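S.K.: need a structure here:
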Amino acid sequence: MRTSLLLLLSFSGITLSKPINQVFYDAGSNRQVVMQGQVFDVPSNPQPGFNLNLDELRLVQLSEGQEPVWMTELEKIEAKAKGLRFFDITDNRNLGLSADFRVATKASYPPLSAHEQVTKVIKTLSTEGPRANLEKFSSFRTRYYRSETGKESQQWLLSKINEVTADFASPSLKSLIGIDEFHHPWGQHSIIVRINGSDAANDQIVILGAHQDSTNLWPFLAAPGADDDGSGSVTILESYRALLASDFHPIRPVEFHWYSAEEGGLLGSQAIAQHYEAQGLKVYAMSQYDMTAWVKRGTVEEVGVIVDYVDSALTEFNKGLITEYLDIPFVETKCGYACSDHAPWSKAGYPSIFTIEGAFENSNHRNIHTANDRIDISDEFSFSHMLEFSKLAVAFAIELGG
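M.R.: Below is the predicted model of the structure:
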């Protein structure tokens, strides 16, 4: 298995680090790395505002069924620039240990039954809040998870969630809501908002997720991350606001997750999924919203429904939500292994799905992971398109939360 993995990396132009007790790069030498035709100087000293050791060794899973390999942080960055997707499992090696049990007891999903309630809430959604929130969220120089501004952006997001809760939740609803940071050693914490269900016996959780971090191809550079994944972050925030304003009291618990460190190898979502698995928590359904703003010029506006590495029954249910509640159609598409934060939940055996801004090949590949991932880069960046995903998130929460 290791031979085939080495061939994969060799074909991609990635050189693996030497054995664990050695380091592939000499930290004292003048180093450069070439990625996508650009030459970057590799710093030999810590960079101000960043807590990133490029020579630190990490255990990385590059494909399903293959043995993980040790790579430096620099090699991870190179791999990502080559388009490889992966789990960094260094701190989450127990994820999925009880997955077989959960896969064998998969949930089923009922026919849609909350049309009146869903459509009432959908009518209150707006592009005004998402625009203002994304203007602020993408104004941080970078939201890289190992940067000071990445921590600052997370603190701003937490304050905004608290503000929305204070402004829109009724006193009775506030008593059901918990807002918590899930702490990570790199400093930028994930955020979990839980609306407790009215039926204590119904403990299966409904989760809506997005990732709050951003990155540049070279992580020390600016990364506004407006689409990836500022768009998904404010999409689910708007759905949360509308649900609170409607005095939504779910039967089963509904959670909103804003994950840290997706760009580092799904680190934040892995840590949370592993924690839920270890605690024996039940997840009824998990839906990821990663990149919801881009409508490529010359294409049909549609919702991309990911059909690989997802739960098939929940995916079919999600298609039904799109058909019933959205003004645009869906298109089936694939994104590959470990492509967003739904993947750790699937690895743990929980039913998870992923929707994206369109067919994967039509998404915003040109600008993400660059300084050009901005709101104003093109009229292809669409807040009305994002609104369709807020509708979907509202429908997901109400139809499954009860």
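S.K.: Can you get me a residue count around Asp203?
M.R.: 13 (other CB atoms under 10 Å). C-beta here means a position set from N, CA and C on the backbone, and glycine is covered the same way.
S.K.: so how far is His249 from it?
M.R.: 16 Å (CB to CB, to the nearest Å).
S.K.: Tell me if I'm right that Glu380 and Glu301 touch.
M.R.: No - with contact defined as CB atoms under 8 Å, Glu380 does not reach Glu301; the gap is 10.5 Å.
S.K.: Between the two, tell me which one has more neighbours.
M.R.: Taking other CB under 10 Å, Glu380 and Glu301 do not tie; Glu380 has more neighbours (19 against 15).
S.K.: what are the pairing partners of the helix or strand hosting Arg194, and which direction each?
M.R.: Assigned by DSSP states H and E, Arg194 belongs to strand 190-195. Strand 190-195 pairs in its sheet with strand 177-182 (antiparallel), strand 254-259 (antiparallel), by DSSP bridges.
S.K.: Now the common contact residues for Glu380 and Glu301.
M.R.: Shared contacts of Glu380 and Glu301, defined by CB atoms under 8 Å, 6 or more residues apart in numbering, are found at Val295.
S.K.: Give the next helix or strand downstream of the lowest-mean-pLDDT helix or strand in the chain.
M.R.: Using mean pLDDT, DSSP states H and E, the weakest-scoring helix or strand in the chain turns out to be helix 2-12, at a mean of 45. Counting by DSSP H and E, the next helix or strand C-terminal to helix 2-12 is strand 31-35.
S.K.: For that next one, give me every contacting residue.
M.R.: Contacts for strand 31-35 (CB under 8 Å, 6+ apart): 25, 39-42, 44, 74, 77-78, 81-82, 217-218.
S.K.: and the helix or strand following that strand, which residues are buried?
M.R.: Sequence-wise, the next helix or strand downstream of strand 31-35 (DSSP H and E) is strand 38-42. Across strand 38-42, burial judged by 16 or more other CB atoms under 10 Å covers 40, 42.
S.K.: in its sheet, what does strand 38-42 sit against?
M.R.: When DSSP bridges is applied, strand 38-42 pairs with strand 31-35 (antiparallel).
S.K.: I'd like the average pLDDT over the strand it pairs with.
M.R.: Averaged across strand 31-35, the pLDDT comes to 89.
S.K.: buried residues in that strand?
M.R.: Buried residues in strand 31-35 (16+ other CB under 10 Å): Val33.
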